[in-house]
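J.: Would you be able to build a 3D model of this:
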Amino acid sequence: MATASVPIPHSIFEVSGDAVIPTELSRGPWHPGAQHGGAPGGLLASMADRAMAHEPGWSMVRLTLEFVRPVPVAPLRAVVEPQPGDRYGACAWSCPMKACQSSTGRRSISASARSISSPPPVPVPPPPDACHTPILIPGMQPQTSFHYTAMESRVATGTVTAPGPAAVWFRLAVPLVADWPVTAAARAVAAADFGNGISWAVPLDRFAFANADLTMYLHRLPRGEWVAAESTTTVQESGIGLARTTLHDEHGVIGVAQQGLIFKPRDAR
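T.: A predicted model of the protein is given here:
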């Protein structure tokens, strides 16, 4: 004799105001009367997002859940209280939340969500097809070299013929090793080390300003052959400087790089 199938609920929770009715789809593996942590966690995250819906441009960057006791598969009262962050002012919102069992008033789960204002998109330099001027830095003589021969360059913004910020597209004109494919990370670091040269702050015929290090952070690998270095150099009277570079491909920002610089007069012994 066939048994009648039990219909599956259409949602994990039914919500009306702050009243929450969990369905059996919220049940976890440890006890038939207790919810899986992902169920009330997801509910509270959704509540925080809905509470911030009137503030466009905000993104949740942290959610901490504290399971005070097993969250029952039973009627709950869930509350979210968005408030401006006291530490970061208008840059952040904090959303304390809690869910209590309706029949007892005992708190089962607490949560704290942190939302921050999403920064505006970083403009991408003009694409390489729209740029045509190669780098030629005053005081750096043309010669067969990595910077003038092995790398193809196209100035995108600013200028490399005067001090100040500049953005330049780079791509390798020859392979690093004849029978090796050029990896995406290799393309990025090859461009990243140009930061202090294209955004120079003092004339090369009077000062040397080699970088003592290079640190690159990529939040994604570049796509395509071209990588742009958008750089700014600062120098102090101590002779110590810093070149800061935002790295782009043709689709947007891919990461950042920094170089610690040592400035030294050319006639110094």
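
J.: Following the chain onward from the top helix by length along the chain, which element is next?
T.: When the chain is parsed with DSSP state H, its longest helix is helix 38-51. Next along the chain after helix 38-51, taking DSSP states H and E as the criterion, comes strand 58-67.

J.: What is the burial count for D129?
T.: When neighbours are defined as other CB atoms under 10 Å, D129 has 10 of them. Using the backbone N, CA and C atoms, a C-beta is placed for each residue, glycine as well.

J.: how long is stretch 50-65 end to end?
T.: Counting by CA to CA, to the nearest Å, you get 18 Å between the two ends of stretch 50-65.

J.: Residues in contact with it: which ones?
T.: With contact meaning CB atoms under 8 Å, 6 or more residues apart in numbering, stretch 50-65 is reached by 37, 40-41, 44-45, 48-49, 80, 82, 93, 95, 109-118.

J.: Pull out the buried members of those.
T.: Neighbour counting with 16 or more other CB atoms under 10 Å marks 40-41, 44-45, 48-49, 80, 82, 93, 95, 109-116 as buried within these.

J.: after the least confident helix or strand in the chain by mean pLDDT comes which helix or strand?
T.: Lowest on mean pLDDT, DSSP states H and E among the helices and strands of the chain sits strand 89-101, with a mean of 56. Scanning forward in sequence from strand 89-101 by DSSP H and E, the next helix or strand is strand 107-117.

J.: Extract the CA atoms of that next one and return them as PDB.
T.: Extracted C-alpha coordinates of strand 107-117, given in PDB (Å, rounded to 0.1, in the frame of the first residue of the first chain):
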ATOM      1  CA  ARG A 107      17.200  34.200  23.700                       C
ATOM      2  CA  SER A 108      18.500  31.500  21.500                       C
ATOM      3  CA  ILE A 109      20.800  33.300  19.000                       C
ATOM      4  CA  SER A 110      22.400  36.700  18.800                       C
ATOM      5  CA  ALA A 111      24.000  38.300  15.800                       C
ATOM      6  CA  SER A 112      26.000  41.300  14.900                       C
ATOM      7  CA  ALA A 113      26.300  42.500  11.300                       C
ATOM      8  CA  ARG A 114      28.700  45.200  10.100                       C
ATOM      9  CA  SER A 115      27.900  47.000   6.900                       C
ATOM     10  CA  ILE A 116      30.100  49.600   5.200                       C
ATOM     11  CA  SER A 117      29.600  52.000   2.400                       C
END
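
J.: In terms of secondary structure, what does it contact?
T.: Applying 3 or more CB pairs under 8 Å, 6 or more residues apart in numbering; DSSP states H and E, we find strand 107-117 packed against helix 38-51, strand 58-67, strand 89-101.
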